[in-house]
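Asks: Model the structure of this input:
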Amino acid sequence: MPPDDGKDAMKSCGESLVSKRCSHASGPIYKYAASFRTVCMSSNRSLVAKVASTVRILGKTHIGRGSQIHDFVTIYPRVRIGLDTEVFENAVLGRPPRGTRALARAVSPKILPTSIGDFCVISPHATIFTDVRIGDGTLIGDGASVRERARIGKDCIVGHCAAVSYNVRIGNGTKIMDGTYISGNSTVGSGVFIGMLVSTSNDNHMGTEGYSEKVVQGPTIEDDVRIGQGSCILPRIRVGQGSIIGAGAVVTKDVPPYSLAMGMPARVVRSLKEGSKSARKDRYSVPVPPNHACKVGGP
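Replies: So this is what the prediction gives:
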């Protein structure tokens, strides 16, 4: 396709965006045509991305080659989608937060850059807020929510209907299973496994003292920790590296590294040998094979 002359080419029918310009990091801005659109980055047909005709792109967006954007996705301005990434139906990318006076924490409606890495999958009905960074090879599950200022490493899983709240830091190779809630201002290390329906919290005053980031702090979960299904981890708790939290535990005190903690409230029942299976390092440093991406583009 010929290069754009620098002006937006956009025609719309109802909520369906028919044409908009898209950029590639290594080249000039090009425009793509209507239908189940093929975004052409050059005359080379291998350098393309597919964007459904019902996708709404609300501002300047980068879509990497080989990526596929399915029906009814909404993409806010300043979103960057990497190579060979697939975004499924009804996902929302780059959404700014919107609060009311009922909130103790002030939120800004400002739209900041949002980055989704290479070889990622964003599942149906997932919502990625503005100012989020998602590393290569990460999967965001159906109906999951990733709030503003969150940082998620490479090769992670955020499961079905899981919620990663604001200002959360998650390392590489971490798996957060279905229905789990990671509270705002929490830190999760690399190689962590968090089972289904785990809850974390960040405010011992339960909202009665207003909001301050110095006071409202979630737990710190260090590298290689495993947390069983249905556990609850209270504010400002530190779970040490390589530890295991048993299913249904209520963690009210710090857990030392390489410990097994169980019960309500959780108590350390024994120590784990450092370097055991609970601390399998480097398992999250797996290169993505070249054929990992879906084949997209026109014939």
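
Asks: Residue 80 against residue 60, yeah?
Replies: No: Residue 80 lies out of contact with residue 60 (Cβ atoms under 8 Å); the separation is 10.0 Å. All C-beta spots, glycine's among them, are computed from the backbone N, C-alpha and C.

Asks: quick one: which of those two has more around it?
Replies: Remark: of residue 80 and residue 60, residue 80 carries more neighbours, 18 against 14, as counted by other Cβ atoms under 10 Å.

Asks: For the nearest residue to that one once chain neighbours are set aside, list each beta-bridge partner.
Replies: Nearest residue to residue 80, sequence neighbours excluded (Cβ to Cβ, 6 or more residues apart in numbering): residue 62, at 4.4 Å. Legend: beta-bridge partners of residue 62 under DSSP bridges are residue 23, residue 80.

Asks: number of nearby residues for residue 62?
Replies: The local packing of residue 62 (other Cβ under 10 Å) involves 17 other residues.

Asks: What of residue 195?
Replies: Neighbour count of residue 195, defined by other Cβ under 10 Å: 20.

Asks: Run through the residues that contact it.
Replies: Residue 195 is in contact with 177, 180, 227-231, 247, counting by Cβ atoms under 8 Å, 6 or more residues apart in numbering.

Asks: neighbour-wise, which of those residues leads?
Replies: Scoring these on neighbours with other Cβ under 10 Å, the highest-scoring entry is residue 227 at 28 neighbours.

Asks: hang on, the earlier thing: could you measure from the residue nearest to residue 80 over to residue 51?
Replies: Counting by Cβ to Cβ, to the nearest Å, the separation of residue 62 from residue 51 is 12 Å.

Asks: Please apply the same query to residue 196.
Replies: Residue 196 sits 34 Å away from residue 51, taking Cβ to Cβ as the criterion.

Asks: the more surrounded of these two?
Replies: For the pair residue 196 and residue 51, the greater number of neighbours falls to residue 51 (28 against 17), based on other Cβ under 10 Å.

Asks: these two touch, right, the more buried one and residue 69?
Replies: Yes: Residue 51 is within contact range of residue 69, at 4.5 Å (criterion: Cβ under 8 Å).

Asks: all helices of the stretch 51-200 of the chain, in order?
Replies: When assigned using DSSP state H, counting those that start in this stretch, the stretch 51-200 of the chain turns out to have no helices.

Asks: Below-threshold pLDDT in it: ranges please.
Replies: Within the stretch 51-200 of the chain, not a single segment meets pLDDT under 70.

Asks: give the contact list for residue 236.
Replies: Residue 236 makes contact with 202, 204, 217-219 under the criterion Cβ under 8 Å, 6+ apart.

Asks: Now with 10 Å, please.
Replies: The contact partners of residue 236, by Cβ atoms under 10 Å, 6 or more residues apart in numbering, come to 185-186, 201-204, 215-220, 254.

Asks: Going by neighbour count, which of those comes out on top?
Replies: Of these, residue 186 is surrounded by the most neighbours, 27 neighbours in total, counting by other Cβ under 10 Å.

Asks: That residue contacts residue 234, doesn't it?
Replies: No: Residue 186 lies out of contact with residue 234 (Cβ atoms under 10 Å); the separation is 11.5 Å.

Asks: intersection of neighbour lists for the two?
Replies: The contact sets of residue 186 and residue 234 overlap at 200-202, 218-219 (Cβ under 10 Å, 6+ apart).

Asks: now those as TSV including secondary structure and distance to residue 165?
Replies: Conversion of the shared contacts of residue 186 and residue 234 to TSV gives the following (DSSP: H, G, I helix; E, B strand; the rest coil; distance: Cβ to Cβ, whole Å):
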residue	secondary structure	distance to residue 165
200	strand	9
201	coil	10
202	coil	8
218	coil	8
219	coil	12
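
Asks: Brilliant, that's me finished.
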